[in-house]
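**Student:** Quick one: sequence and predicted model below, then my questions.
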Amino acid sequence: MRKFLVSSWALLLCITAWAQQPSTAIRIIPQPKSVQVLPGSFTAGNNTLVIYGDDESKKVADLLVSFLKDKQGVSLSAHKASTVVSNGQIIIVNDKKQPAEGYSLWITDKMVQIRGNGAGMFYGLQTLEQLISAQGSSGLTVPAVRITDAPRFAYRGLMLDCGRHFFPVSYVKQYIDVMAQYKFNTFHWHLTDDQGWHIEIKKYPRLQELSSTRKETVVGHAARSNTYDGIPHGGTYTQDEIREVVKYAADRHITIIPEIEMPGHSEAVLAAYPNLGCTGGPYHVATKWGVDKEVYCAGNDSVYTFLQDVLTEVIDLFPGQYIHIGGDECPKDRWKECPKCQRRIKELGLKDEHALQSYFIQRMEKFLNSKGRRIIGWDEILEGGLAPNATVMSWRGEAGGIAAAKEHHDVIMTPNTYLYLDYYQGNPVSEPLTIGGYLPLQAVYNYEPLPPTLDAKEQSYIKGVQANIWTEYMPTAQVVDYMTWPRALAVSEITWSPASAKDYPGFLERLPAQLARMDKAHIPFRIPEPAGLENNVTTANHTTVTLRPMVDGAAIYYTTDGSEPTASSSRYTEPINLALHKEPTVLKCIVVTPSGRKSAVYSATYLRRDYVAAANVNPANKGARFNAYFHAFKNARQIKGQADSSGVQPAFDIRPFLSKNAFSVAYEGYLKADTEGIYEFNLKCDDGAVLYIDDEVVIDNDGEHAPMEKTGILPLRPGFHKVKLQYFNAGGAGELGVTVRTKGANINLRNALFN
């Protein structure tokens, strides 16, 4: 073996002057640190052997042999290295000189070699498998390439919420399989919540008997529905099943972090053990989503005994260093009224109920530290003082992570604004119901985890990134996959690839091969909109639309007459020439993958019109004027009359009014267009809103509805254009967002609004 390795590296040193090829020629996700395309390719033959040198490399060799047989129909065998190895072989080398989790993959026309440091060998294998899969469904021919790679972040995670909806072990394993293929190394397993406790604890059998199942589940959006399905839902992962999943993940170099919620999100526990609450009950396993006031009693020592007993069993099941204890969304209502909690505050000389939560968290941390473990908690654990050795998951934006890093605490960045994969990823009209929010693929990809407000030392405390899949509105595994992929592929690139290698157009070039691979594996990912399907306004009489499916081998079917496209509609085979008139032309299409899955209907609007002249005004004051009404109209167009509040805002911001149960706001001002161009307006709202530019309705998103996003486009001349925005909220959640883009860049409305 040693002779071969020496000669291999000698051969490598003789290879010079290979041209550096664009990284998209090799369609790998996440993008490797360094990719060099070489001439030629390697083809496996009947005499090809898979060679390994020790027990660790043997595991990788065996995985490769299984992959080739199951996925490619190629039967090779693995052998321990002899003293001399000839060409025509695949070699797996355990190389401790590689960086942590790093690897190199070298493919020539004569051999394939993976050199990796422990898990690095496994990640090198995942890259090789992607290259093999991209070449076709049978045989083994891969392009010659040299890749040097290592991860940017040590923590690369996905969280799956099995507390709100319970998913079988078979699906959890499948989910872990896909994670491993894209080099994630941490699976955050959310196991308990108000709506169910799903881990077996032998000392407390009522958790399995009562807390694991809710009697029914709310139908529709919890903020608007009081209808229930009447169907019990639940389940329990036995301790044997958990050990099985933990080992399964470890074999794929994934560590599982269990989450046992405390002190909030605990009503399912209280249903079985009411003595652990402040009021004594009665309690029930929650049937509706949201934040519940019923929490553990922080003044009751039996609560800490219970949780220590539970965590003792949890520690025995999960060998990783971290235990996640939640710590989020814990209302203090019951604590303020509870004699035991108030007595505990007084005895300890605590400032308030937030300090009581800090005491609760720190007490549990000391217990876990005594068992050789560390805690992770959501950023609420900062309130009242951070536990000394805690790691913070920053979910309410980045503020909690920034604060923790400045105090030299480890941080996992998981801001809801970029990494909550339960948010909408397209128009709500054609998407599954979600909790709300809007997070398309590009917004996920563009996230940068290292805040520029931190210096280099403080940034070193950002240990990694995690995306979260909260399943309130994901009742099946199919919906989970739809919401997770392909957005989690963007997350894999955020966590693994160098910041300098991030390139969204390049990512989109590499994505179709990966989605075709998922399609072949029957993973029901969301089929993205075709590339090139974009709204357009032009002064010309026609336009040409060029489309490309985002899944290799997929077909596009389209209509232009207003009808809904089907697989019997015109199939896209060449650019579409559209004659344009003053009335908009709508191009609708669907994408059908090689496995036969159909996308939702996607559309774009094309319009011919002249540029809109600017108004003859020159306002000097920044911001838009508003009139606020502390009641809801039936729709946004009706808003008028005597306002309850008036003033000027730098941008369209309803946050000052969210304390009202229902309200309406009308904004007026001028939008400054710096250059002549096509301006794209995006209006997202819950409930309804209408946007006018120069007294023309550009976006009509009116009516009482869940968060919904609509787009309008106008060609504008430079100068000031009158803008009017009318919004109403009928009660419950309120949301309003307006963005303006031109020439591919967002306009900062704080600099562009005048009155």
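**Tutor:** Happy to help now that I have it. Residues are numbered from 1 along each chain as shown.
**Student:** for this protein, what helix or strand is lowest in average pLDDT?
**Tutor:** helix 2-14 (a mean of 32; mean pLDDT, DSSP states H and E).
**Student:** and after that one, which helix or strand comes next?
**Tutor:** Where DSSP states H and E defines the elements, the next helix or strand beyond helix 2-14 is strand 34-43.
**Student:** Which elements pack onto whichever helix or strand comes after that next one?
**Tutor:** The helix or strand immediately downstream of strand 34-43 is strand 49-52, counting by DSSP H and E. Contacts defined by 3 or more C-beta pairs under 8 Å, 6 or more residues apart in numbering; DSSP states H and E place strand 49-52 against helix 55-67, strand 77-80, strand 89-94. Every residue, glycine included, has its C-beta placed from N, CA and C.
**Student:** Now these in a markdown table, please, with extra columns for mean neighbour count, distance to Leu386 and mean pLDDT.
**Tutor:** Output for the helices and strands packed on strand 49-52, formatted as a markdown table (neighbours: other C-beta atoms under 10 Å; distance: least, C-beta to C-beta, whole Å; pLDDT from 0 to 100):
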| stretch | mean neighbour count | distance to Leu386 | mean pLDDT |
| --- | --- | --- | --- |
| helix 55-67 | 18 | 38 | 94 |
| strand 77-80 | 14 | 49 | 91 |
| strand 89-94 | 24 | 40 | 94 |
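**Student:** burial measure for the nearest residue to Ala614 once chain neighbours are set aside, as a count.
**Tutor:** In this structure, Ala614 finds its nearest non-sequential neighbour in Gly719, 2.5 Å apart by C-beta to C-beta, 6 or more residues apart in numbering. Using other C-beta atoms under 10 Å, the number of residues around Gly719 comes to 18.
**Student:** do Ser302 as well
**Tutor:** 12.
**Student:** Tell me which of the helices and strands packed on strand 49-52 sits nearest to Ala614.
**Tutor:** helix 55-67 (61.5 Å; C-beta to C-beta).
**Student:** Give me the residues contacting the closest one.
**Tutor:** 50-52, 76-78, 80, 90, 92-94, 114, 116, 118, 121-122, 124-125, 128-129, 132, 251 (C-beta atoms under 8 Å, 6 or more residues apart in numbering).
**Student:** Now with 10 Å, please.
**Tutor:** Residues outside helix 55-67 that contact it (C-beta atoms under 10 Å, 6 or more residues apart in numbering) are 49-53, 74-81, 90-95, 112, 114-126, 128-129, 132-133, 251-252.
**Student:** So what does Leu356 have for phi and psi?
**Tutor:** Per-residue torsions, Leu356: phi -70, psi -40 (degrees, to the nearest 10).
**Student:** Distance from stretch 712-729 to the middle of the chain?
**Tutor:** Relative to its chain's centre, stretch 712-729 lies at 32 Å (C-alpha atoms, centre = their mean, to the nearest Å).
**Student:** May I see the buried residues of that stretch?
**Tutor:** 712-716, 719-729 (16 or more other C-beta atoms under 10 Å).
**Student:** cool, stretch 187-200 as well?
**Tutor:** The neighbour-count check on stretch 187-200 (16+ other C-beta under 10 Å) flags 187-200 as buried.
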